[in-house]
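Undergrad: give me a model of this one.
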Amino acid sequence: MTRFTPDLLAGQQAELTAIRRDIHRHPETAFEEERTSQIVAEKLQSWGIEVHRGLATTGVVGTLKGKRPGQKTIGLRADMDALHLQEKNDFDYASSIPNKMHACGHDGHTTMLLGAARQLAAAPDFGGTVHFIFQPAEEGQGGARVMIEEGLFDRFNCDAVYGMHNMPGFPRGHFAIRSGPMLAASDSWEVTFKGTGGHGAMPYRGTDPTFVAGQFIVALQGIIGRNVPPTQASVLSVGHIAAGTAGSPNVIPSEVLIRGTARSFTPDVRDLLERRVGELAVGIAQGGGCDAEYKYFRRYPPLINSIEQTSIAVEAAALTVGRDKVEPNTPPVTGAEDFAFMLEKKPGAYIMIGNGGPDEGGCHNVHSPLYDFSDAILTTGAAYWVNLVQLELGDA
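TA: Down below sits the predicted model:
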């Protein structure tokens, strides 16, 4: 087996950089990735890879069979969508579309997988089949779930599936992964507190939902501190509060709307958070003479890496950059990823690749208007994918 290092793919650096920057300059948000998916499809076809389009509207799946015998199939997934965000970078490939930006590195994820597809198509010295899965709508819209519902794994069976994401603040080109829960479930909730409202000078003549809402916000963290076991990580945060009108500060509003997020890693804690947020809202509302309407929305499940596939991913990363640059037991992260839907259906693993630490000139975090993907790791990510395919299918 040939060990693929980034140096072996150095000849692709200029082309991959151009692809990545072109995608960055033309960001497309959830289920609207028409231009991006066209680029992906055309590149795959030009390299002789069989292309399928249409899953989840703009999804693309490229299928490549190795020249050696083998029945095993694996899926490699990259996300394609951008965020609704106004970019503040001033380089020449900054977003040309107002209020849309590749602020999470999906332009880089797509490009790295394209680089691997090109290399594997040129030398398909493996047994079995690789499906290159280019997924739309990761950012909050569950594109992975939609692809699955529309038959992704029925049409393109995978014995295992793998994903990768960049990690700002982590050394450039290093890798981090863990088996078991790696990213959290992402849920949202909303509570509407309802009272009579009234004159701000005479609150005793009505019921005040702002007083109730204030108590609720403070008490919310008691769920984490007093209901969730200290060995179980979880988060409850308020992200939106709406009540009253700015022009009438002497009016106590009759309703207060509060929205927030909940993060957890296990089914038990997820159930507990859903139940206790509602109980707390209703109890505090009743104590203040108000009513509470409560809704809880389960969004993304926790991302759980399989033990076997995690070990394969660790080995592929070690082949790519050396074992000293691979962290095989990185702490869980309370962020979320819809690749978790794929890992609910198939065994697999999701790995992080460093996008640059503070000693490498600094790196803005994802979802920042100043974020940018590091082109220096494009060949590193592509080489990781090639090594992974060879480990999974090379001995078939």
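Undergrad: mind telling me what element I74 is part of?
TA: strand 68-79 (DSSP states H and E).
Undergrad: alpha carbons only: can I get that strand in PDB?
TA: Provided in PDB are the C-alpha atoms of strand 68-79 (Å, rounded to 0.1, in the frame of the first residue of the first chain):
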ATOM      1  CA  ARG A  68      -9.400  -5.100  -7.900                       C
ATOM      2  CA  PRO A  69     -12.100  -7.500  -6.800                       C
ATOM      3  CA  GLY A  70     -14.100  -6.700  -3.700                       C
ATOM      4  CA  GLN A  71     -17.700  -6.200  -2.600                       C
ATOM      5  CA  LYS A  72     -17.200  -3.700   0.300                       C
ATOM      6  CA  THR A  73     -18.500  -0.200  -0.100                       C
ATOM      7  CA  ILE A  74     -17.800   2.900   1.800                       C
ATOM      8  CA  GLY A  75     -19.100   6.500   1.700                       C
ATOM      9  CA  LEU A  76     -17.000   9.700   2.100                       C
ATOM     10  CA  ARG A  77     -19.100  12.700   2.800                       C
ATOM     11  CA  ALA A  78     -18.400  16.500   2.400                       C
ATOM     12  CA  ASP A  79     -20.900  19.300   3.000                       C
END
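Undergrad: what's the following helix or strand after that strand?
TA: helix 106-122.
Undergrad: what packs against that following helix?
TA: Packing contacts for helix 106-122, counted by 3 or more CB pairs under 8 Å, 6 or more residues apart in numbering; DSSP states H and E, involve helix 13-25, helix 34-46, strand 60-65, strand 68-79, strand 127-135, strand 160-168, helix 378-393. Backbone N, C-alpha and C define where each C-beta goes, glycine included.
Undergrad: hmm, try it at 10 Å
TA: Contacts defined by 3 or more CB pairs under 10 Å, 6 or more residues apart in numbering; DSSP states H and E place helix 106-122 against helix 13-25, helix 34-46, strand 60-65, strand 68-79, strand 127-135, strand 160-168, strand 348-356, helix 378-393.
Undergrad: list the buried residues in the shortest one.
TA: Put plainly, it is strand 60-65. V60, V61, G62, T63, L64 (16 or more other CB atoms under 10 Å).
Undergrad: would you confirm that the third one contacts S46?
TA: In this case it means G62. No. Assessed by CB atoms under 10 Å, G62 is found out of contact with S46, at 11.2 Å.
Undergrad: can you pull the buried residues of the longest helix along the chain?
TA: In the chain, taking DSSP state H as the definition, the longest helix is helix 267-287. Within helix 267-287, the residues that count as buried by 16+ other CB under 10 Å are 269-270, 272-274, 276-278, 280-282, 284-285.
Undergrad: now the element after it, going C-ward?
TA: Using DSSP H and E, the helix or strand that directly follows helix 267-287 along the chain is strand 291-300.
Undergrad: and the next element down the chain from that following strand?
TA: Downstream of strand 291-300, the next assigned helix or strand under DSSP H and E is strand 303-305.
Undergrad: buried residues, the helix or strand following that following strand. List them.
TA: Moving toward the C-terminus from strand 303-305, the first helix or strand encountered (DSSP H and E) is helix 307-321. Of the residues in helix 307-321, 309-321 count as buried by neighbour count, 16+ other CB under 10 Å.
Undergrad: would you map the strands across the stretch 101-250 of the chain?
TA: Secondary structure of the stretch 101-250 of the chain (DSSP state E, counting those that start in this stretch): strands at 127-135, 160-168, 175-176, 180-183, 185-194, 198-199, 234-242.
Undergrad: and the ones you listed: which comes nearest G151?
TA: Closest of the strands of the stretch 101-250 of the chain to G151 is strand 127-135, at 12.7 Å (criterion: CB to CB).
Undergrad: ok, back up a step: now distance to L55 too, for the strands of the stretch 101-250 of the chain, in JSON lines please.
TA: Converted to JSON lines, those look like this (distance: least, CB to CB, whole Å):
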{"stretch": "strand 127-135", "distance to L55": "9"}
{"stretch": "strand 160-168", "distance to L55": "14"}
{"stretch": "strand 175-176", "distance to L55": "29"}
{"stretch": "strand 180-183", "distance to L55": "23"}
{"stretch": "strand 185-194", "distance to L55": "23"}
{"stretch": "strand 198-199", "distance to L55": "54"}
{"stretch": "strand 234-242", "distance to L55": "31"}
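Undergrad: out of those, which gets nearest to E150?
TA: Between E150 and the strands of the stretch 101-250 of the chain, the shortest separation by CB to CB is 11.6 Å, and it involves strand 127-135.
Undergrad: direction included, what does that closest one pair against?
TA: Strand 127-135 has the following sheet partners, assigned by DSSP bridges: strand 60-65 (antiparallel), strand 68-79 (parallel).
Undergrad: pLDDT below threshold where in the stretch 1-150 of the chain?
TA: Residue ranges of the stretch 1-150 of the chain with pLDDT under 70: 1.
Undergrad: G173 contacts T379, doesn't it?
TA: Yes. Between G173 and T379 a contact is recorded at 9.3 Å, counting by CB under 10 Å.
Undergrad: who are the contact partners of G381?
TA: By CB atoms under 10 Å, 6 or more residues apart in numbering, the contact set of G381 is 6, 9, 16, 78, 108-109, 111-113, 115-116, 164, 166, 173, 175, 320, 351, 353.
Undergrad: buried residues in the strand holding I74, which are they?
TA: Buried residues in strand 68-79, defined by neighbour count with 16+ other CB under 10 Å: G70, K72, T73, I74, G75, L76, R77, A78, D79.
Undergrad: name the element the residue nearest the centre of the chain belongs to?
TA: Central residue of the chain (CA atoms, centre = their mean): E337, 3.1 Å from the mean position. Assigned by DSSP H and E, E337 falls within no helix or strand.
Undergrad: is it in contact with Y300, as I believe?
TA: Yes. Under the criterion of CB under 10 Å, E337 makes contact with Y300 at 6.8 Å.
Undergrad: can you pull the residues that touch both of the two?
TA: Jointly contacting E337 and Y300 under the rule CB under 10 Å, 6+ apart are E138, A144, L183, A184, S186.
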